[in-house]
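>>> can't give you the sequence, but here's the structure:
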């Protein structure tokens with residue numbers, strides 16, 4: 001069972017596992033815009049929207065003409081586009097841990113090295129600098145990493 005807390009965890013899972021769903025390459029990813037992903041499937045560009053529930057596609061007022069597939073955890077509504085329902089998922093409370101949460105992914109980067117910059121985290125996970133900084137600050141609050149300020153750069157050090 002794959003545990004996710006929210007759509008962000010779902011996006012993070014998809015970025016790591018898109019090939020298991022038959023896609024060969026992610027051409028575009030933007031969690032802030034619609035559609036969420038543009039991928040290659042059998043050499044053809046496919047526009048993908050990820051939703052926890054298929055009814056969220058309607059709730060978010062997305063246009064069916066601008067997407068080729070909706071991939072969801074639970075199909076609870078029919079749409080005018082093909083729906084791929086993934087069965088092996090469990091949506092858990094936001095307070096539960098998920099291996100696909102951003103802070104979990106960032107913490108895993110520290111397995112390879114003890115010191116990272118915000119820019120390195122941003123580049124490694126293909127996220128914005130601000131998102132990386134906020135997540136690193138959350139790890140600092142959780143007492144997992146320490147922030148060392150140097151002129152022009154923040155260094156993040158794994159706490160042992």
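Structure's in. What do you need? Please read these numbers as outputs of a predicted model, since none were measured by experiment.

>>> ok, now which ones touch residue 28?
37, 38 (C-beta atoms under 8 Å, 6 or more residues apart in numbering). C-betas here are computed from N, CA, C, even on glycine.

>>> how about a cut-off of 10 Å?
Contact analysis of residue 28 by C-beta atoms under 10 Å, 6 or more residues apart in numbering lists 35, 36, 37, 38, 39, 45, 47, 48.

>>> SS state for the closest residue to the second one other than its chain neighbours?
Yep, that's residue 36 we're talking about. Setting aside the residues directly before and after it, residue 36 is nearest to residue 50 in space (C-beta to C-beta, 6 or more residues apart in numbering), at 5.0 Å. Under DSSP: H, G, I helix; E, B strand; the rest coil, the three-state class of residue 50 is strand.

>>> give me the number of residues near residue 50?
Neighbours of residue 50 under the rule other C-beta atoms under 10 Å: 23.

>>> so how far is residue 102 from it?
Distance, residue 50 to residue 102, using C-beta to C-beta, to the nearest Å: 16 Å.

>>> one more: residue 147?
17 Å.

>>> which of those two has more neighbours?
residue 102 (22 against 14).

>>> that one contacts residue 128, correct?
No - contact status for residue 102 versus residue 128: not in contact, 11.1 Å apart, counting by C-beta atoms under 10 Å.

>>> would you agree residue 82 is in contact with residue 57?
No - look at residue 82 against residue 57 with C-beta under 10 Å: they stay out of range, at 11.8 Å.

>>> show me which of those two is the more surrounded one.
The neighbour comparison of residue 82 against residue 57 (other C-beta under 10 Å) goes to residue 57, with 23 against 11.

>>> specify the local secondary structure of that one.
helix.

>>> buried sites along the longest helix along the chain?
As assigned by DSSP state H, the longest helix anywhere in the chain is helix 129-141. By neighbour count on 16 or more other C-beta atoms under 10 Å, the buried set for helix 129-141 is 131, 132, 133, 135, 136, 139.
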